[in-house]
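[1] A predicted structure for the sequence below; I have some questions about it.
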Amino acid sequence: MPLHDELDLHALFEPDVDVMNVRRQVAEAGVPEDSIHVLSPLPLSDAASDRIAGIPLYIVTLLAGLLGIGVGLFFAAGTAVMYPLMTGGKPIVAPPIVGIVSYETMMLVAIVTTFLTMIVKVRATNSEIRFRDARIDEGRIAVAVRVPMFGTVAGAVREVLEQAGAIDVQASVIAEGEEALARRIRPAASVLLAVGLAGAIGGCSRDMQDQTSYQSQEAPRVHSPEGSIPRSSRRVLRARPTSGGAPEERGAILFRINCVHCHGVQGDGDGPVAPYLKELPANLKNDEVRAMSDEQIYSVLTEGKDMMPSFKGELSADERLDLARFVASLSRPATARAVGPEGP
Amino acid sequence: MATRDAVWNDMPRINRDLLAPLSGLSGRYLLLVACLAALVAAGAGAWLYQIETGIGQTNMHAPIFWSSYIASFVYWIGVSHSGTFISGVLRLTKAEWRRPVTRIAELMTIISVLIAALCVFFHLGRVWRWYYLIPYPNQREIWPDFRSPLMWDATAIFTYATASTIYLYLPLIPDFALARDRVEGWRKPLYSLLSLGWKGSQREWETLNTAIRIITPLIVMVMISVHSIVGWDFGMSLVPGWHTSIIAPYFVVGAVHSGLGMVAIGLYVVRRTYGWEPYIRREHFDKIGKLLVVTTLTLAYLYFADQLTVWYGKKPDEMAILHSLMTGDYAVPFWAMIALIYVFPLTLLTNPTFRAWPAGMLCMGIGINIGMYIERALILVPPLTHPRLTYQWSQYFPSWIELTILTGALALAVLLYVLLSKFVPLISIWEEKEGRLHAAAR
């Protein structure tokens, strides 16, 4: 049985070499085009229309993009089907959203596939080249040729390369079967990695027993659980009306919480819910209110008036007093002030 | 102009210059790493404390459910647009001056996407349940709702992070091969692995160039979609001040604005640290400055159009927010933002002498980034503190826990960059050589 060992010839040239000419001469010496490689520190041409097994790479990208759209449809449209949000007895189907999610998955699959295809192609190409001279990156061009170790071709090629002005010609031997072994080991390693990853994911805990969730049929909880987030900011909580702060500030805060939605931010009787009331809320700056004493306002707050409800149950006496003083200050321009921490 | 031969003869020097940062450890470098690591450790400690004691450690409260973490998320996603924009758009338009800038910017992209994702995790109340966000069959019947803009966002950011990593990696392959042949020690096997056995044959170059050419327009489209979707996180809600159709383009342009500012900072620091004046020239600062003028004008136009519509409509809900910005509680940050992202860039960057002044561009970059951070915070906070019903009106300022975590995140971003500078050539070596040959041929 004949030996199929091969020789990798690596010739280094100055950058002004006529590479195309060298290539042609090497081919004429009996080397198939596929076995001649020109190595350079940068692309020698702007060519960018590579093919993968005869198909242009962009077609691979397009096909992958279509697959990506499928993935997006599966998740976005699948969610709408599997977990329908019922409105008026019908599920909400939202095509624009399916479109947005599919757009992203299309891009993802297209880009990743293009990338992986490129890697496979680059690996397939450069695994044919045995050796690379580091001097290429210093501004040289190399021609790498793979020839059978025995026979006349190797000698002829070497001669061609030297005559073309090669600075240095190196040869390395590739024993038969050496590369095949390496190719067999790699998939095995990938399978091991995949199995390991699957095991790691499978090992994740899935139990929910440690969750103190609200149980079905449980009576409503009156108080918030300990450690939950307060409804108002701690900044506001610290300045709670009953716990310090200037009286007018406490009144302003209470006014913002209890009065503004009907009487308006400035007390003009134009709050956001005013248009929906049968009777318009009072303008707190009008003469009638201006004429009232703090005590009279306090009693309105306590007892309610016309449409306005009583705040006896909502606010303590101290709070009502602070609030009454604040309301009174609204109609006296000298002391009138902005409402709340953010008032315009 | 250098001749073709001169460029070829110059290649050993280019290799030496651009690979120099990979070797040697100075005392100053180690000190910087130590300081940054300390800040990161402080941030990590604060986060652990927040996880242990609960999300109540932040100053978030009803109705302010989104705050500093989400503002930082939006900001960092914005910064991440630097790399893709510079390298994607400039590659598409075949702008030669992109060459020394792309890698510096692409690294920023990867790191800032990472930090942005981290900000989302800071914001999760029970961060150890984060995997509920992933759609996979499970016994709990928990399934993410793709109708929510937040899910579009998660999908988009995953795509963007993956795509920009690929986009950073592609032009790095030949440089890793170069480093593989020149660097000894623990990095050598890593470079060998990452360079995919790169030999530099014309077929490999063509495959690489084809892949770059296909992926470039795609990633520009992903970039635009990502920040649009971040904008829609806000725009799809009915909160006054957010519910505007202009929000997506506004976010995209704002992202590029802060990204370009960050690139100006990066260029200055890299140039100064490694003495790369022959590579990162005044011309590059000038070009970044010109792009910044474009983004400033576009952003100002969009912002004005949006606020004008609000002001003319005089809807009370929206006016409350506008008032709080212009004359109310947020007036100081608001006017600072206006100065930093619109007034200064427009007045200074239209001056060619200023644009070509690297230190000036550094200050401009810092100013724009501070301004854009404020801008992100002002998009979030005033609308949330001014809901339609006034009884919930309140204030928000981050707690020290939030500030420590976010400072740690910033330090982590810088730390990662500093560490990566020891592993990744900060200027794409083969593209720099190619650019010089193109210049010689002209």
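    Received the coordinates, thanks.
[2] who in the stretch 201-350 of chain B is up against chain A?
    For the stretch 201-350 of chain B, the residues in contact with chain A (C-beta under 8 Å from any C-beta of the partner chain) are B:201-215, B:218-219, B:221-222, B:225, B:229, B:316-317, B:319-320, B:323-324, B:327-329. Heads up, the C-betas are built off the backbone N, CA and C, glycines and all.
[3] buried members of these into ChimeraX, please.
    Applying 16 or more other C-beta atoms under 10 Å in any protein chain shown to these, the buried members can be selected in ChimeraX as follows:
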select /B:201,202,203,204,205,206,207,208,209,210,211,212,213,214,215,218,219,222,225,229,317,319,320,323,324,328,329
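[4] and the closest residue to B:S67 other than its chain neighbours, how many neighbours?
    Setting aside the residues directly before and after it, B:S67 is nearest to B:M60 in space (C-beta to C-beta, 6 or more residues apart in numbering or on different chains), at 5.0 Å. With neighbours defined by other C-beta atoms under 10 Å in any protein chain shown, the count for B:M60 comes to 24.
[5] A:L161 too?
    Around A:L161 there are 23 residues (other C-beta under 10 Å).
[6] please name the nearest non-neighbouring residue to it.
    Nearest non-adjacent residue to A:L161 (C-beta to C-beta, 6+ apart): A:A11, at 3.9 Å.
[7] which SS class is that neighbour?
    Following DSSP: H, G, I helix; E, B strand; the rest coil, the label given to A:A11 is strand.
[8] from B:L384, how far off is it?
    69 Å (C-beta to C-beta, to the nearest Å).
[9] and the helix or strand of chain B with the lowest mean pLDDT, anywhere near chain A?
    When each helix and strand of chain B is scored by mean pLDDT, DSSP states H and E, helix B:81-83 comes last, with a mean of 80. No: on the criterion C-beta under 8 Å from any C-beta, helix B:81-83 is out of touch with chain A, staying 15.0 Å away.
[10] report the buried residues of the helix or strand hosting A:V289.
    If you go by DSSP states H and E, A:V289 is part of helix A:287-291. Neighbour-count burial for helix A:287-291, counted by 16+ other C-beta under 10 Å, picks out A:V289.
[11] what's the offset of it from the middle of its chain?
    59 Å (C-alpha atoms, centre = their mean, to the nearest Å).
[12] and that helix, average pLDDT?
    Mean pLDDT, computed over helix A:287-291, is 87.
[13] and stretch B:310-320, by the same measure?
    Mean predicted confidence for stretch B:310-320 is 89.
[14] grab the CA positions of that stretch and hand them over as PDB.
    The C-alpha coordinates for stretch B:310-320 follow below in PDB (Å, rounded to 0.1, in the frame of the first residue of the first chain):
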ATOM      1  CA  VAL B 310     -47.000  69.000  25.700                       C
ATOM      2  CA  TRP B 311     -46.800  72.700  26.400                       C
ATOM      3  CA  TYR B 312     -49.300  73.600  23.700                       C
ATOM      4  CA  GLY B 313     -51.700  70.900  24.700                       C
ATOM      5  CA  LYS B 314     -51.700  72.100  28.300                       C
ATOM      6  CA  LYS B 315     -53.000  68.800  29.600                       C
ATOM      7  CA  PRO B 316     -52.900  69.100  33.400                       C
ATOM      8  CA  ASP B 317     -51.200  65.700  34.000                       C
ATOM      9  CA  GLU B 318     -48.400  66.500  31.600                       C
ATOM     10  CA  MET B 319     -48.100  70.200  32.600                       C
ATOM     11  CA  ALA B 320     -47.500  69.100  36.200                       C
END
